[in-house]
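Engineer: coords please:
(chains A, B, C, D and E)
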Amino acid sequence: MKNKRIQSLLVVLIALGLIVAGCGGAGGDKKPAAADNKAPIKIGFFAPVTGPAAADGDSVTKAAKLAVEKINKDGGINGRKVELVAYDDNLKPQEAVSIAQKLTTKDGVVAAVSGSYSHTTRAAAPIFENAKIPMIAAYALHPDITKGGDYVFRQSFVGTAQGKAGGYVAVDMLKAKTIAILNVDNDFGTTLADSFTQYVESKGAKVVSRDKFTMVEKEFNPVLTKIKQLKPDLIYMPTYSGTGAQIARQAKELNLGIQMLGTEGIDSTMEFLKVSGPTADGIIITTNLNRNSKLKATQDFIKDYTAMAGHAPDMVAASTYDCFMVLAESMRKNGAEPDKIKDGIYKIKDFEAATGLIKGYNKLGEVTKNVQVQVIKNGAFTYYGEISDPAIITPPDK
Amino acid sequence: MFFQQIVNGIVVGSVYALTAMGATLVYGIMRILDISNAGAYALGAYISFFFLLQTGNPLVAVVMGVALTAVFGFIVQKFLYAPLMDKSPNVALIAGIGLFIFLQDFLRLVGGPQARELNFGAMLPSVRLPGLGLTLYGTWFLILGATAVLLLVLWYLLNRSTVGLAWRATAQDLETAKAMGINTNRVVAFNFILGYGFAAVAGILVGILYNSIYPMMGDVPAYKMLAVIVLGGLGNPLGTVLAALVIGMAETLIGGYVGFFLPRDAIAFVVLILILLWRPQGLLGRRRVS
Amino acid sequence: MPAEQELLKIIGLKKYFGGLKAVDNVDLSVKRGETMGLIGPNGAGKTTFFNMVCGAYTPTAGKILLNGEEIQGLPAHAVARKGIARTFQITRVFKDMTVEDNLLAAFALRRAPGLWASLGRSHTKRNREEAMTYLERVDIAAFAKQKAGDLSLGYMRRLEIARALALEPILLMLDEPCAGLSKDATVDFMELVGKLKSLGTTIMLVEHNMGVATALCDRMTVLSYGVKIAEGTPQEVQSNPVVIDAYLGEAEEAG
Amino acid sequence: MLELRNINAHYGHSQVLYDISLDVKQGEFVTIIGANGAGKSTLMKVIMGLVPVSSGTLLFKGQEIGSAKAWDRAGLKIAYVPEGRRVFGELTVAENLKIGGWNEPPAELPRRLEKVMAIFPRLGERLNQAARTMSGGEQQMLAIGRALMRDPELLLVDEISMGLMPILVNRCFEVMKQLNEQGTTILLVEQNARKALGAAGRGYVLETGHIVLAGSARDLQNDEAVKRAYLGG
Amino acid sequence: MYEQVVAINVGLAMLLAMSLNIITGFAGQPTLGHAAFYGIGAYTSALLTAKAGWPFFLALPAAGAMAALVGVLLGLFSVRVREDFLAVTTIGINFVVVAIFQYVQLFGASLGLAVPKPEFLGVRFGNTEILGLLILLNALVYLFMRHLPNSWLGLALGGVRNDEEAAASLGYNADHYKVFAFTIGTFIAGMTGSVYAHFMGFISSTDFAFPVSIGVLSMAVLGGLGSVTGPLIGALILTLAPEVFRFVSDYRMLVYGGLLVLMMRFQPQGLVGDDSYLQRLWTKIRGRREEGKANAG
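Structural biologist: Next comes the predicted model:
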């Protein structure tokens, strides 16, 4: 009997909790306090600080803090301070959804930045859209993210643009005729590999093999042994730093001697360069951070970030930093209410940012900027080229 | 290419054998699927990394990594698992998972989330045998050599030494072993010291092989080692070695010839499921007679 | 003897474990309404024999006929569905369930034989009252709400018997039901079996305790090392010197 | 040598032994008889330290051992032949015997091994065979031999006759009598009452966890109640 | 709205924990790959609504049915492979199922699938409607769970869990009941997956990976396997814990892991299991109250 009683009691409690939670939420919606001109402006932020992408989560969180510090040091937004509201999403879409709800309905942010991967950002985007709060995805590149409406922007290249740029590097700059592809099997690797393939095949090059692997793969000897037999001119590897470093190391050990072309995923100073060590020399990547840029914004960012974090910044950090800079620019020029911020972002033209000159955003919210080509030389990313051909870098607007 | 793939498979298999051995030993006596062993794998590598940074002496680093992880194993046994022995196996399983999550995040907080290089001096030079189309990594000799030596030592320890005799008796029938005068508390403690020490060795060696350690490095071993020890027949060290080689070879050959039509982990589990359909007691398991 | 009188007929039953002949070529028949005792020393193959009849073991050879129907090799649950209920030598109550639930579990065979029917409510007033009558019969009604695992051994045994009776079997098979029972409980138990007998229940009883067996059984079969060495009324069996030797061990002491 | 005073013991929530008091004197051969499930095996486990004592005193040679670990009791030269033999099946005969002499002075072991092999020559023939491959009788010999490797002062034997051919049962009883004559104190639990009482000097009757009768083996053999309950007729 | 989303997450977790409880708590069969069935339901529902144009309320039971179909296969496997072997096999099922979502184009492969928001009688399902549906489903499953210990099935599963041989002696075909438990449990998990898919609007294979299974099992064990309320409480606590501890962002998972360890170490029977601290407290309070009553009377 006592068993039954305790159970009934608890069930009633839980049911009540659910109902209260449901109703409480409906009445509790908060709109950002626009009237108060002295209160700090809140900007929401989420990143995978824990979980399998914690390394990126760490980089972008540092960048976000640096950006807010910088904005405030430069006088804030017309005298108002900016405040960062940052959460960890553990790389789980379900958490990203509740974070997005919390940011938009509880915390009163006027805009948000996603420092997370595609599936989390993808899950959160519609919530910002519905709440009419602008959100910029720093480096998530799932094509659907920006398709929901006007309020969602992307600060990195959409996958198709970077894939094309990779193809350009492969066939137009490096003159490769036969290519093997090794891509990480998620939206990132797949989107890049697909548009890369499309581009190189249109230029008459041949993709001789395509293999995919999970984010946690470490053992590439079997597949590299196979590729060695095919003797391609180039290996294209859209992947992340952990896997990319292993491919670099194992290719060197197997004495592959094939030029490798990576993507922004391996643009990581900590994980990629240190783990792959000297074996990475000569690898070329497409990215959006040009370390040798003459732009003051870029050099300031690199200097400030290195001073703060104790190591050189990577691409995800630079992209995240720029999201905040773009938001600040928009707010300074157009006002700090969500709608005005959104409109302001669409108006941005030729804005100097850490990741280069931002030419503007199209109607989907996709950024247009030059693709940077970097080569690893003496254990550092250095300038190799820059792609500014509009046919390649212009993002699709559908 | 064929020889190269065979060698690749053996290396992968050896890494699995090494990784799964700690959990096999623990299962042998405690009959629990000890997920936290994969946490010890990462812990060992990190401790070793720490001492390498502090002292610059690889030997000190390895010894401290293994020794401190073994001590950790002792503590885990005494304060976590021992009191849970008479509870449902789910309890020990979830406790182990909790500890594993805790350790991973502890390492992330202390060591940073990025992968760190575990670089014991210069890269060992590769050996090339063009006649056979073979390349042998310098680190492979280290891995294969260490695996072989450790497995031989383990084999000797279990089958030829007095502690090993006590271990085998306890694994078979703890109660009778007690009545025969064997201090089974000590055997169980020794078992965990050995099992966690093994995990640390595996973590360090894999860290060297891939020149990288990171807080989540135990994630894949956490389930891969379960596939290996179950396929081997649960708690049977020899079975574990065999199963590790079978899975390593299957993954390598399928990956190398057919392409990765499935992720490696899925390949490992497909192999496991197919073999269990044929032999529900695993490769070297003995069917329990009622 | 007319065939229809034989509820259970066993012909040439064998069970070999590797080289060990646990049961070797045993014939046996149980008539309707009779109590048949299966006795023999420890390790004589009684339990193996018993387990073959109940479907726990598959015989190496031989036939088991229940009402003329061959049932050898059927799985245990199918044998139970044919109407043979059993108890176990080492009690096997459902330890984490209440005593009442243990008993109700036995009703399913009659009340909800199929999977979908099993979704129905079992703890109806009628079922619970009926369950209580079974528990009362073995005097454990007072413990109905207790966890079966918390009962003492003797009570667990009673529960097991009540559970077997609740199947309303045509043949009740008891495997050393008095093991672990106190003298009083044994006497009670014998009364219980007497009551069952008077109701016409057919019983097969494996018993080590000769006293119990003699008092309860109409006929007895004696196994020794897997072979049937005697059969007959308790008096006949007890006076059989072969049985005395096999069962009690050869006389050791000189005087 | 062994004294139990008001011992109670439980398995989980259910009490198995009630207020057991018994003595075994130096050099005696004592048997405990009772039906299946009377608590005989539990009693043996309590003495060996495999089942904890809930209350009561357990003395061995005047020393309280109620809370000592099983292996420490083994160190006091108490040896145990468990019910169902429980030899280590995956281990060889030699290894099983070695475990029997665990922590004994190594110099002693060869002599004891010879003694065991003299008693059970079959074991000597099969030293390097895995124990699980042996027949039940051979396993029982091994279980006894294993216990003898301790050169025990007190030998606890649980159900020696279970599932054995009569000839082997007789052999086992002979061995025990012989050991007893050579000075080993024996406490034997048996279902085969006549055999047990035939070999032992004294006996106790255990019924549902209570000791209901005690006396010399001869008296018990002639006791009508015992006869009725355990000997039939 | 935030609270609604949290409530939805709790509701989903409760359904999963209860469905796992049927298989592991009641039938005693280990399941470490429950997320596979959650995923099968989600993908089935997504495909049926997005590609085949089925209405959501038909896709919902169909999702359950598809998951149950695979559940039956696993159930049949459980007849042959036991205990820890089975436990690890269920992990394998999880990996293989996720791999199929990840690699087969039909399932959107690595890009995942967009899932339309359900519509019913012209009402487009927002979070409020989803929450309502979840409360309804939770109520139904909870009623079933409460009924289970009083049903023939509950008795049969209890028998199978305790002692298959003794259950067989009562005429139960243990294999059938095991498979049946897998069928019901996976059916509920599949329906839950369907709700999840339509709530999120987007699914990808990693949403149903092994750690999700571990999370669900942790909930059920933490609350008390085999008890009716336990898994609900476990689901509530473990879903809320990360939300509540969001303020200690960086130490969240550390707290979560530590919580699991401590709970298992000191309340191994689960929070509301037999003789747990909460239950003893409850008994004490009730005892006192009754004493009070007795004194007053």
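
Engineer: OK, contacts around the residue of the stretch 151-255 of chain C at minimum distance from chain A?
Structural biologist: Closest approach of the stretch 151-255 of chain C to chain A (CB to the nearest CB) occurs at residue C:151, with a separation of 18.6 Å. To be clear about C-beta, it is placed using only N, CA and C from the backbone, and glycine gets the same treatment. By CB atoms under 8 Å, 6 or more residues apart in numbering or on different chains, the residues touching residue C:151 are C:93, C:99, C:140, C:143, C:159, D:14.

Engineer: the same query, at a cut-off of 10 Å, please.
Structural biologist: C:91, C:93, C:95, C:99, C:102, C:140, C:143, C:157-159, D:13-14 (CB atoms under 10 Å, 6 or more residues apart in numbering or on different chains).

Engineer: which of the residues you listed has the largest number of neighbours?
Structural biologist: residue C:102 (30 neighbours; other CB atoms under 10 Å in any protein chain shown).

Engineer: doesn't that one lie inside a strand?
Structural biologist: No - per DSSP: H, G, I helix; E, B strand; the rest coil, residue C:102 lies outside any strand segment and is helix.

Engineer: burial of the closest residue to residue A:366 other than its chain neighbours, as a residue count?
Structural biologist: Leaving aside its chain neighbours, residue A:366 sits nearest to residue A:395 (3.6 Å; criterion: CB to CB, 6 or more residues apart in numbering or on different chains). For residue A:395, the count of nearby residues is 21 (other CB under 10 Å).

Engineer: how about the residue nearest to the spatial centre of chain A, secondary structure?
Structural biologist: Taking CA atoms, centre = their mean, the centroid of chain A lies closest to residue A:139, which sits 1.2 Å from it. What three-state DSSP gives for residue A:139 is coil.

Engineer: show me what contacts it?
Structural biologist: Here residue A:139 is in contact with A:56, A:60, A:114-118, A:121, A:154-157, A:188, A:264-265, A:267, A:288, A:314-320, A:323 (criterion: CB under 10 Å, 6+ apart).

Engineer: and what of residue B:172?
Structural biologist: By CB under 10 Å, 6+ apart, the neighbours of residue B:172 are B:28-29, D:86-91, D:131-132.

Engineer: what of residue A:208?
Structural biologist: Here residue A:208 is in contact with A:177-181, A:227, A:230-233 (CB under 10 Å, 6+ apart).

Engineer: so, low pLDDT: which residues of the stretch 201-350 of chain A?
Structural biologist: Scanning the stretch 201-350 of chain A for pLDDT under 70 picks out no residues.

Engineer: burial measure for whichever residue of it sits closest to chain D, as a count.
Structural biologist: As assessed by CB to the nearest CB, chain D sits closest to residue A:219 within the stretch 201-350 of chain A, at 34.8 Å. Using other CB under 10 Å, residue A:219 has 21 neighbouring residues.

Engineer: repeat for residue C:88
Structural biologist: Residue C:88: 23 neighbours (other CB under 10 Å).

Engineer: with residue C:44 instead?
Structural biologist: 26.

Engineer: state the distance from it to residue D:164.
Structural biologist: Look at residue C:44 and residue D:164: by CB to CB, to the nearest Å, they are 11 Å apart.

Engineer: again with residue C:185
Structural biologist: Relative to residue D:164, and taking CB to CB, residue C:185 is found at 29 Å.

Engineer: neighbour-wise, which of these two wins?
Structural biologist: Between residue C:185 and residue D:164, counting by other CB under 10 Å, residue D:164 is the more crowded of the two (24 against 20).

Engineer: for residue E:277, which non-adjacent residue is spatially closest?
Structural biologist: residue E:267 (6.2 Å).

Engineer: isn't the one you found up against residue E:278?
Structural biologist: Yes - under the criterion of CB atoms under 10 Å, residue E:267 makes contact with residue E:278 at 8.4 Å.

Engineer: anything in contact with each of these two?
Structural biologist: residue E:224.

Engineer: count the neighbours of residue A:216 for me.
Structural biologist: 16.

Engineer: for it, list the residues it contacts.
Structural biologist: A:52, A:184, A:242-243, B:216-217, B:219-220, B:263-265.

Engineer: just put these in TSV and tack on neighbour count, distance to chain D and secondary structure.
Structural biologist: Shown next, in TSV, are the contacts of residue A:216 (neighbours: other CB atoms under 10 Å in any protein chain shown; distance: CB to the nearest CB, whole Å; DSSP: H, G, I helix; E, B strand; the rest coil):
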residue	neighbour count	distance to chain D	secondary structure
A:52	22	41	coil
A:184	26	46	strand
A:242	27	43	helix
A:243	24	43	helix
B:216	22	38	helix
B:217	25	35	helix
B:219	19	34	helix
B:220	18	32	helix
B:263	24	37	coil
B:264	27	34	helix
B:265	24	32	helix
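
Engineer: does chain C sit close to stretch E:151-161?
Structural biologist: Yes - using CB under 10 Å from any CB of the partner chain, we find that stretch E:151-161 touches chain C at E:151-161.

Engineer: mind listing the helices for the stretch 101-250 of chain C?
Structural biologist: Along the stretch 101-250 of chain C, the segments classed as helices by DSSP state H, counting those that start in this stretch run C:108-111, C:125-137, C:153-166, C:183-198, C:210-216, C:234-239, C:241-248.

Engineer: er, chain B I mean
Structural biologist: B:2-30, B:36-55, B:58-76, B:89-111, B:138-160, B:162-172, B:174-179, B:184-209, B:219-232, B:237-253, B:264-278 (DSSP state H).

Engineer: same question for chain E.
Structural biologist: Under DSSP H, chain E gives helices at E:2-20, E:35-50, E:56-80, E:83-103, E:127-147, E:152-162, E:164-169, E:174-200, E:210-223, E:230-244, E:252-266, E:277-296.

Engineer: check contacts around the residue nearest to residue A:366.
Structural biologist: A:143, A:146, A:154, A:157-162, A:361-362, A:364-369 are the contacts of residue A:395 under CB under 10 Å, 6+ apart.

Engineer: that one in helix, strand or coil?
Structural biologist: Per three-state DSSP, residue A:395 ends up coil.

Engineer: in this structure residue C:196 contacts residue C:35, no?
Structural biologist: Yes - look at residue C:196 against residue C:35 with CB under 10 Å: they come within range, at 8.6 Å.

Engineer: give me the phi and psi angles of the spatially closest residue to residue A:308 that is not a sequence neighbour.
Structural biologist: Excluding its sequence neighbours, the residue lying closest to residue A:308 (CB to CB, 6+ apart) is residue A:66, at 5.5 Å. Backbone dihedrals for residue A:66, given as degrees, to the nearest 10, come out at phi -60, psi -40.

Engineer: against chain C, how distant is residue A:66?
Structural biologist: 58 Å (CB to the nearest CB, to the nearest Å).

Engineer: neighbours around that residue, how many?
Structural biologist: Residue A:66: 21 neighbours (other CB under 10 Å).

Engineer: what's the answer for the one 10 residues further on, then?
Structural biologist: Applying other CB under 10 Å, we find 17 residues neighbouring residue A:76.

Engineer: isn't it right next to residue A:40, touching?
Structural biologist: Yes - Residue A:76 lies in contact with residue A:40 (CB under 10 Å); the separation is 8.1 Å.

Engineer: who touches both of those two?
Structural biologist: A:68, A:82.

Engineer: ok, the residue of the stretch 51-200 of chain B found nearest chain E - how many residues close by?
Structural biologist: Chain E sits closest to residue B:98 of the stretch 51-200 of chain B, with a gap of 2.7 Å, by CB to the nearest CB. Neighbours of residue B:98 under the rule other CB under 10 Å: 26.

Engineer: same thing with residue D:40?
Structural biologist: Neighbour tally, residue D:40, other CB under 10 Å: 25.

Engineer: any figure for the gap between it and residue D:22?
Structural biologist: 12 Å.

Engineer: give me the common contacts of the two.
Structural biologist: D:32, D:204, D:206.

Engineer: did I read that right, the first one in a strand?
Structural biologist: Yes - residue assignment for residue D:32, taken from three-state DSSP, places it within a strand.
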